[in-house]
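Undergrad: build me a structure from this.
(chains A and B, ligands or ions: 2)
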Amino acid sequence: MKSMDNGGLVFDGGGLNVTEGAKRAAGALIGNLRAYESSRLSNVIEEAHHTAGDYTAVNAIMRARNVDVFYGDNHAIKSVNLDVGANEVISLIGPSGCGKSTFIRCLNRMNDTIESARVEGEIVLDGENIYSREADVVLLRARVGMVFQKPNPFPKSVYDNVAYGPRIHGLAPDRQALDQIVQSSLERAGLWAEVKDRLHYPGTGLSGGQQQRLCIARAIAVGPEVILMDEPCSALDPIATAHIEDLIDELKKNFAIVIVTHSMQQARRVSQRTAYFHLGRLIEVGATSQVFSEPRRKLTEDYITGRFG
Amino acid sequence: MNRQRPGPPEPVASSPAARAEFGRRLARRNRQESRFRLAGLCAVLAGLAFLAFFFLTLIGNAYTAFAQTHILLDVELSAAAIDPEGTRNRQTLGRADYQGLIRNALRQQFPAVTRRGDLRQLFALVSPGAGFDLRKQVLANPGLIGQKQRFWLAADDDVDMLIKGHMNRSAPESQRRINDRQLAWIEQLEAAGRIERQFNHRFFISGDSRDPEMSGIRSAVAGSFYMLLVTLALSFPLGVATAIYLEEFAPKNRWTDLVEVNINNLAAVPSIVFGLLGLALFINLFGLPRSVPLVGGLVLTLMTLPVVIIAARAALTSVPPSIREAALGVGASKMQAIFHHVMPLALPGMLTGTIIGMARALGESAPLLMIGMVAFIVDVPESPLDPSAALPVQIYLWADSPERAFVERTSAAILVLLAFLLVMNAGAILLRKRYEKHG
Ligand SMILES: Nc1ncnc2c1ncn2[C@@H]1O[C@H](COP(=O)(O)OP(=O)(O)OP(=O)(O)O)[C@@H](O)[C@H]1O
Ligand SMILES: [Mg+2]
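TA: Ligands and ions are numbered 1, 2, ... in the order given. Next up, the predicted model:
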């Protein structure tokens, strides 16, 4: 549409001597083109309006219904429905800027920190809308943990990093219990062996991959039900990535995991379900094997075969 | 329309000519860089030279103030004069005429001097405040009463200046503050080994005085200390709390914008205006007393607050948002995220800002003039509610005094002020280091 407007400029060029008739003919032509373009677009939009595939999960622990997110006037997420099943890994894929991070941040209300962000619709955790008035965001974030794109350990010791969550939530009655939580969290994050001798060294002194696992340990230390991971491996090398992927496999026995990734291979390897986002819409969702082998939508196919994105 | 797009540039080392051209450019770039470095080095050296000149002249002027000329006299502490009834009552002891005893000792030292006018000139050799020193010693040790004792007593400031060489002995009499007879007596005393320069402890333990040899900076230092205490106790918590509220909690709307603009403007308001505000607010409206460190501290707080707020806000914004997200992500409340994670990282910056603000407050004199801290205060304050002087104002007062002996004291007081600033800045650096290590 935009390019059409620009096209119009050519005819307005003062230097060109164009007759009235020619101008009118050109105008008609542009009108036709516009009509054609918008009809084609509306078809696409019509088609994209409902998500292909089944967005529900058998054992849903979180349910997002008709979620819209606005950043000021920017409509970043457009009526998305999606379930997160218990003990499953669901990966969110899609081109850059399609709203994956925005959506995942809705699940633990991390968007609250952005002044301009506005969320509509409902997201239900355990039968309760997390955006309702009574919902407590602190409790929510203890139940829905998050691992960020860039490892962000606190500039404190490894121990304190993991112990911080249990401390503020009062999960450990005494020092021994806290030690226990720290150890088991680090073990589950596959980091215990590497850091057990340096628990009181700064967490920021670990390697990038270790830091990310420390962040995972920190997230699971508060005993969440869901863990959100926004491109957790994008800052890591292949070996550290493999390490985290193994870890995700391990963790799904106890947690539901939502992972945003730009790597098709990773999505294939770690997730049971895959959701494909495009321009703020959830285009397609289904079992990972199905989405990658026989996508229902052209857009999905184009993306996973690497035609754009 | 059909412009050909330029191809990729030739490789730098494609031909000898290109290589030579590149070499020339490189040489020019290197020359530019070394010129810039040289200019920077010159600027630094010039700055250091000025600083060295400043300190050398200052120390050159100041160091004589740390010594004071004393005269050795044999004082007859007669019981009849000090304690006629023999009660050893402290009040009686305190009331005695010690200056008179000193005068008697001088008379004994120079028995030939008998005429009234001559005697007055003789007595002027010893400081009018020497009697207080004598009294202090007797009160501390009443056993001395009835004995004849040798005391080193402070000489008058004119004698002091003469001994320190600030007065030319060979100049004609009319151009000296010490006349020829006095000079002769002094030379007699010198010959007898009864004149000595001793460490000037009075400079550190007494308050202001009309007599330079009796004056000290204790009152001013104590006043400045109390003021800074009040300023620190108010401006740091208030400033940091304001910064946290504005930065983290306040909604961004027109009102907070207005507040922000005003805070930034307040930081640039001339300090004397804060003095006027303090006068109107604290003294006239709240009825607080004049010349007290409490009011001084309040005024300096008004002046320091915007600086602290601005520094604290800058420190808060410089904390990476990922730390906040990490804390919120494990379920910390906003308060917890700020106080457990953001504050520790922002603290070094906040402290630096505060100490810079405090250092400015320490050196400020204009607002204190408005609230009467320029008064002549002899006593050392014991609480922030006692009238007191302040270091910068004391410097201003001494610099304004006609006596030659106040010149060196002015410089010495400036040195003390600078020493305090140095200590404060060193403290700031130490605190930063500590927090950066443990943070
Ligand atoms: N803090 C914000 N303020 C305003 N707009 C934002 C903000 N964050 C994201 N957006 C907008 O929302 C849309 C979706 O962004 P989002 O970060 O969710 O994309 P993404 O799918 O995570 O992209 P990427 O793969 O690059 O991380 C984009 O148009 C982006 O410009
Ligand atoms: Mg993203």
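
Undergrad: tell me which residues of stretch A:299-306 are tucked away?
TA: Of all the residues in stretch A:299-306, those buried under the rule 16 or more other C-beta atoms under 10 Å in any protein chain shown are A:299-301, A:303-304. Using the backbone N, CA and C atoms, a C-beta is placed for each residue, glycine as well.

Undergrad: residue boundaries of the helices in the stretch 251-400 of chain B?
TA: Remark: helices assigned in the stretch 251-400 of chain B by DSSP state H, counting those that start in this stretch are B:254-266, B:271-278, B:293-317, B:321-329, B:334-336, B:343-362, B:366-370, B:391-399.

Undergrad: winner for burial among these?
TA: helix B:293-317 (a mean of 24; mean count of other C-beta atoms under 10 Å in any protein chain shown).

Undergrad: any part of that one near chain A?
TA: No. On the criterion C-beta under 8 Å from any C-beta of the partner chain, helix B:293-317 is out of touch with chain A, staying 14.4 Å away.

Undergrad: other SSEs contacting that helix?
TA: helix B:218-244, helix B:254-266, helix B:271-278, helix B:343-362, helix B:366-370 (3 or more C-beta pairs under 8 Å, 6 or more residues apart in numbering or on different chains; DSSP states H and E).

Undergrad: redo the helices of the stretch 251-400 of chain B as a markdown table? Include mean pLDDT and distance to ligand 1.
TA: Putting the helices of the stretch 251-400 of chain B into a markdown table (pLDDT from 0 to 100; distance: least, C-beta to the nearest ligand atom, whole Å) gives the following:
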| stretch | mean pLDDT | distance to ligand 1 |
| --- | --- | --- |
| helix B:254-266 | 91 | 20 |
| helix B:271-278 | 92 | 40 |
| helix B:293-317 | 94 | 16 |
| helix B:321-329 | 93 | 10 |
| helix B:334-336 | 92 | 18 |
| helix B:343-362 | 89 | 22 |
| helix B:366-370 | 90 | 44 |
| helix B:391-399 | 92 | 49 |
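
Undergrad: would stretch A:100-115 count as contacting ligand 1?
TA: Yes. Using C-beta under 6 Å from any ligand atom, stretch A:100-115 reaches ligand 1 at A:100-102, A:114.

Undergrad: hmm, residue B:157 and residue B:405 touching each other?
TA: Yes. If you go by C-beta atoms under 8 Å, residue B:405 and residue B:157 touch, sitting 3.8 Å apart.

Undergrad: identify the contacts common to these two.
TA: B:212-213 (C-beta atoms under 8 Å, 6 or more residues apart in numbering or on different chains).

Undergrad: for the stretch 101-250 of chain A, what lies in contact range of chain B?
TA: A:108, A:110, A:113, A:115, A:138-142, A:145-148, A:150, A:152-155, A:164-165, A:168-169, A:215, A:218-219, A:221-222.

Undergrad: who touches residue B:223 in this structure?
TA: B:293, B:296, B:373, B:377, B:381, B:388-391.

Undergrad: now do the same end-to-end measure for stretch B:194-208.
TA: 27 Å (C-alpha to C-alpha, to the nearest Å).

Undergrad: can you give the distance of that stretch from its chain's centre?
TA: 19 Å (C-alpha atoms, centre = their mean, to the nearest Å).

Undergrad: report the contact partners of residue B:314.
TA: B:349, B:353.

Undergrad: run the last query once more with 10 Å
TA: B:243, B:247, B:346, B:349-350, B:353 (C-beta atoms under 10 Å, 6 or more residues apart in numbering or on different chains).

Undergrad: separation between it and residue B:248?
TA: Between residue B:314 and residue B:248 the computed distance is 14 Å (C-beta to C-beta, to the nearest Å).

Undergrad: domain parsing for the chain?
TA: With no chain named, the answer covers chain A. Domain ranges of chain A: A:1-50, A:55-304, per automatic domain parsing.

Undergrad: I was thinking of chain B, sorry if that wasn't clear
TA: Taken from automatic domain parsing, chain B resolves into B:70-199, B:218-438.

Undergrad: so which of these is the most packed in?
TA: Ranked by mean neighbours (mean count of other C-beta under 10 Å), the domains of chain B are led by domain B:218-438, with a mean of 19.

Undergrad: check the offset of it from the chain's centre.
TA: 15 Å.

Undergrad: now do stretch A:262-269
TA: For stretch A:262-269, the distance to the chain centre is 14 Å (C-alpha atoms, centre = their mean).

Undergrad: which of the residues in it are buried?
TA: A:263-264, A:266-269.

Undergrad: is stretch B:329-337 anywhere near chain A?
TA: Yes. Against chain A, stretch B:329-337 shows contacts by C-beta under 10 Å from any C-beta of the partner chain at B:329-334, B:336-337.

Undergrad: can you classify residue B:152 as helix, strand or coil?
TA: strand (DSSP: H, G, I helix; E, B strand; the rest coil).

Undergrad: that one against residue B:201, yeah?
TA: No. Taking contacts as C-beta atoms under 10 Å, residue B:152 lies outside contact range of residue B:201: 11.6 Å.
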